[in-house]
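Trainee: any chance you could fold what I've pasted below:
(chains A and B)
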Amino acid sequence: GNSVTQMEGPVTLSEEAFLTINCTYTATGYPSLFWYVQYPGEGLQLLLKATKADDKGSNKGFEATYRKETTSFHLEKGSVQVSDSAVYFCALNFGNEKLTFGTGTRLTIIP
Amino acid sequence: DVKVTQSSRYLVKRTGEKVFLECVQDMDHENMFWYRQDPGLGLRLIYFSYDVKMKEKGDIPEGYSVSREKKERFSLILESASTNQTSMYLCASSPPGQGHYSNQPQHFGDGTRLSIL
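Mentor: Sure thing, here's the model as predicted:
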């Protein structure tokens, strides 16, 4: 079946540091890939997505590139802010509307 | 903006009770979903619905049922609540996908934190 593996957290960084959260997937074929973010006390919201190989999704300074050869979709940001503190979920869907989520990575940014 | 509203942010119920969690969306989306979120397990799909009166089991349907009598409302029912159903429950909706590979994002409510005592 389909699965998503994320790097385990929690991740703690200083403000303005470079961020990478790793995500790899297992799926038959070429799914669409997503990053969702959950701020404290809220539901999930879509951060970015990519629908085919070599696509780059970007939003709010975050980027992720769909790498078919390594089945990866790593999330990056060049300079994080305290307001980026949240839980980040990598997800995929394939052939239907159901999403398969990773376990989430909690990110804390300290001033 | 899409609005997905869950009826309660916090709920406390007793073992054996029948519990109803309500979710309403205002964007006329065909698809609606119920997940539970647990530390270290991420989000797991309980049930989903592609249309009114249609429902399909997700990955962990045991102990739950759902109802979709109107397009905008999707209810999750715990038939006889147990302590292992203490969790955060998230509802989501989305429009139907285009073509074979769906890439429509899901829109989430703020969640209901349910405690079963």
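Trainee: around chain B, which positions in chain A sit nearby?
Mentor: Residues of chain A found near chain B, taking CB under 8 Å from any CB of the partner chain as the criterion, are A:30-32, A:34, A:36, A:41-46, A:49, A:51, A:89, A:93-99, A:101-104. Heads up, the C-betas are built off the backbone N, CA and C, glycines and all.
Trainee: can you do 6 Å?
Mentor: Along chain A, the residues adjacent to chain B under the rule CB under 6 Å from any CB of the partner chain are A:Ser32, A:Glu42, A:Gly43, A:Leu44, A:Leu46, A:Thr51, A:Asn93, A:Glu97, A:Phe101, A:Gly102, A:Thr103, A:Gly104.
Trainee: check the residues you listed against B:Ser65 and report the nearest one.
Mentor: Proximity of the residues of chain A next to chain B to B:Ser65 (CB to CB) peaks at A:Glu97, which lies at 20.3 Å.
Trainee: would you mind pulling the contact partners of stretch B:34-51?
Mentor: By CB atoms under 6 Å, 6 or more residues apart in numbering or on different chains, the surrounding residues in contact with stretch B:34-51 are A:101-104, B:30-33, B:55-56, B:58-61, B:64, B:66, B:68, B:74, B:76, B:87-91.
Trainee: excluding chain neighbours, give the residue nearest to residue 19 in space.
Mentor: Since you didn't name a chain, this refers to chain A. Taking CB to CB, 6 or more residues apart in numbering or on different chains, and ignoring the residues beside it in sequence, A:Leu19 has A:Lys77 as its nearest neighbour in space, at 4.4 Å.
Trainee: chain B is the one I meant
Mentor: Nearest-residue entry for B:Val19: B:Leu78, 4.1 Å, with adjacent residues in sequence omitted and distances by CB to CB, 6+ apart.
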